[in-house]
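Asker: Please find the sequence and the predicted model below.
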Amino acid sequence: MVILPAIDIIDGECVRLVKGEYNTAHKVAENAVDTAKEFQESGAKWIHMVDLNGAKSSKPENADTIFSVKKNTNLNIEVGGGIRNIKTIDYYVSNGISRVILGSAALNNPKLVTDAVNKYGDKIAVGIDSRNGKVAVEGWTKTSNVDYLEFAKRMEQCGVKFIIFTDISLDGTLSGPNVKMLKTLNDTVSCNIIASGGISSIEDISNLLDLELYGAICGKSIYSGNLDLKSAVELCRGVKDE
C-alpha cells in the first residue's frame, strides 16, 4: 500500500481543515517545499496536494507552490482542487504532475472524465467525497443526491483506475477511517482505492492494509505527531521495526 502524506494549500500556505470546513483552516507547516522534502526523507514516494483556493474558484490558484515542490523533490505528486476542464489537466500534466484528481467535475461532466482517461490513462484519478453516503462537491460546500457507490460504478465504466475516497465526517478528526465504507467500495469496483480522512495511527494503517487498498492519504496524523510517516511507509513495504 502506498502512503501519500498530504499538503493542503490556501494562499500558498500549508494548512489542515476539520471536516472540510474552511473556517477551521490552521497553518501546520512553514513551507510546502521543506515539508515535502521531510516527507521524502521519511521514505514517501508520493504526496497528495490540494489547492483549496482552487477548489472554490474552479481554477488553479496555488500551482506555483505545487510546481515548486515538484521542482525541488523527487516525489510523485497527485493534485486536486479546481480541476474542471481538460486545459487544466493538460497544464498540470505538462508540468510534471503524476496524477490529476477530478472531483466536482467528474460528477457534473462525465464526458470530461472519459476524455481525460482516454488521453492520460492512469494519470487520472477521481475523488469521491462522501457526506452521509452522498457525493459532496464544490470544495465540499454542497452535497448531491448521488450515492457514493453508484458514482464509483459510473467512474469505473468511464475507465477510471484510481478513486480517492474521503468520508468528510471523519476528515481531520483523527478518529480513524471509515473501514466499512472503504471495504464496501473496494469490493464493489475494480478501481485502485486510496483511503482519505480520519487516519490517525499506525493501527489505522494496519487496518487499511488488511483491506488490500492501493493507498492511504495521511495529513493531520503526521503533522500532529500521532503517526510516524517513516514507520507507516516501512509497514506498507513489509519492513518491520527492529
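Answerer: Alright, I've got the coordinates.
Asker: In this protein, mark out all the strands, start to finish.
Answerer: Here the chain has its strands, by DSSP state E, at 2-10, 13-18, 21-29, 46-51, 76-80, 99-102, 124-131, 134-137, 142-147, 162-167, 192-196, 215-218.
Asker: Throw these into CSV and include mean pLDDT and mean neighbour count, thanks.
Answerer: For glycine as for every other residue, the C-beta is placed from the backbone atoms N, C-alpha and C. Converted to CSV, the strands of the chain look like this (pLDDT from 0 to 100; neighbours: other Cβ atoms under 10 Å):
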stretch, mean pLDDT, mean neighbour count
strand 2-10, 96, 24
strand 13-18, 86, 19
strand 21-29, 83, 13
strand 46-51, 97, 25
strand 76-80, 97, 24
strand 99-102, 97, 24
strand 124-131, 94, 25
strand 134-137, 87, 21
strand 142-147, 87, 13
strand 162-167, 95, 24
strand 192-196, 97, 25
strand 215-218, 97, 24
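Asker: Would you convert these into CSV that also reports distance to residue 156?
Answerer: Formatted as CSV, the strands of the chain follow (distance: least, Cβ to Cβ, whole Å):
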stretch, distance to residue 156
strand 2-10, 20
strand 13-18, 29
strand 21-29, 30
strand 46-51, 21
strand 76-80, 19
strand 99-102, 14
strand 124-131, 10
strand 134-137, 15
strand 142-147, 14
strand 162-167, 8
strand 192-196, 11
strand 215-218, 17
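Asker: give me phi/psi at the nearest residue to residue 218 once chain neighbours are set aside?
Answerer: Excluding the flanking residues, the one nearest residue 218 by Cβ to Cβ, 6 or more residues apart in numbering is residue 199, at 5.1 Å. The phi/psi pair for residue 199 (degrees, to the nearest 10) reads phi -60, psi 130.
Asker: What is the burial count for residue 199?
Answerer: Residues near residue 199, counting by other Cβ atoms under 10 Å, number 30.
Asker: Would you check how far apart residue 235 and residue 201 are?
Answerer: 11 Å (Cβ to Cβ, to the nearest Å).
Asker: before we move on, what about residue 29?
Answerer: Residue 29 is 20 Å from residue 201, where distance means Cβ to Cβ.
Asker: Residue 126 now?
Answerer: Distance of residue 126 to residue 201, computed by Cβ to Cβ: 27 Å.
Asker: give the contact list for the residue lying closest to residue 156 once chain neighbours are set aside.
Answerer: Nearest non-adjacent residue to residue 156, counting by Cβ to Cβ, 6+ apart: residue 189, 4.5 Å away. Residues near residue 189 by Cβ atoms under 8 Å, 6 or more residues apart in numbering: 152-153, 155-156, 163.
Asker: Of these, which pair is most distant in space?
Answerer: Spatial extent of the contacts of residue 189 (Cβ to Cβ) is set by the pair 153 and 163 at 10.6 Å.
Asker: Cheers, nothing more for now.
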